[in-house]
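Participant: Okay, sequence plus prediction incoming.
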Amino acid sequence: MLLKHSENLLWQITVFATANLLILALGVIHLTLFYTHDVGRSLVVGVLPFLPGAVFKIAAAVSIHRSSRALVRHYRARQQ
C-alpha cells in the first residue's frame, strides 16, 4: 500500500526499514516483558545480532520490489 505509487528509492528504503524496525521493536518488547526485564539487555540481545541481516533484507526487498515493478511496466507496455 505504501509503495504502490512511489518510484522514489529513498521512500522505498524508508518503508522497508520501518517495517523491519517494527518487527525488531516488538521483539525487544517481548524480551523485556518476559525474559530479561531490562531494556538495554533486550536491545543488545534482540537487535544487535540481527542488524546485518536486516540491512541485507532491506536491500534485497528494495531490489526485488524495483525489479518486479520494472517487469510489470515492461509487460504492460508490450500488451498495448
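Facilitator: Thanks, I have the structure now. Residues are numbered from 1 along each chain as shown.

Participant: measure the residue nearest the centre of the chain to Gly27 for me?
Facilitator: Centroid-nearest residue in the chain, with CA atoms, centre = their mean: Phe16, separated by 3.1 Å. Distance, Phe16 to Gly27, by CB to CB, to the nearest Å: 17 Å. C-beta coordinates here come from the backbone N, C-alpha and C atoms, glycine included.

Participant: How about Ala54?
Facilitator: 11 Å.

Participant: In the helix or strand encompassing His30, which residues are buried?
Facilitator: Applying DSSP states H and E as the criterion places His30 in helix 9-31. Using 16 or more other CB atoms under 10 Å as the test for burial, helix 9-31 gives Gln12, Val15, Phe16, Ala17, Asn20, Leu24, Gly27, Val28, Leu31.

Participant: Now the element after that helix, going C-ward?
Facilitator: helix 39-46.

Participant: in the helix ranked longest in the chain, what counts as buried?
Facilitator: Longest helix in the chain by number of residues (criterion: DSSP state H): helix 51-79. For helix 51-79, burial by neighbour count (16+ other CB under 10 Å) applies to Ala54, Ile58, Ala61, Val62.

Participant: Would you check that the first one makes contact with Thr18?
Facilitator: Yep, that's Ala54 we're talking about. No: using CB atoms under 8 Å, Ala54 makes no contact with Thr18, being 11.6 Å away.

Participant: tell me the mean pLDDT over stretch 55-64?
Facilitator: Averaging pLDDT along stretch 55-64 yields 97.

Participant: meant to ask about stretch 10-22
Facilitator: Here the average pLDDT along stretch 10-22 is 96.

Participant: again with stretch 40-49
Facilitator: 96.

Participant: how distant is that stretch from the center of its chain?
Facilitator: 18 Å (CA atoms, centre = their mean, to the nearest Å).

Participant: Keeping just the C-alphas, turn it into PDB.
Facilitator: The C-alpha trace of stretch 40-49 is given here as PDB (Å, rounded to 0.1, in the frame of the first residue of the first chain):
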ATOM      1  CA  GLY A  40      19.300  -2.400  27.500                       C
ATOM      2  CA  ARG A  41      20.000  -6.100  27.600                       C
ATOM      3  CA  SER A  42      17.000  -6.800  25.400                       C
ATOM      4  CA  LEU A  43      18.400  -4.300  22.800                       C
ATOM      5  CA  VAL A  44      21.800  -6.000  22.900                       C
ATOM      6  CA  VAL A  45      20.400  -9.500  22.600                       C
ATOM      7  CA  GLY A  46      17.300  -8.800  20.400                       C
ATOM      8  CA  VAL A  47      18.500  -6.200  18.000                       C
ATOM      9  CA  LEU A  48      22.300  -6.000  17.500                       C
ATOM     10  CA  PRO A  49      22.800  -9.600  16.200                       C
END
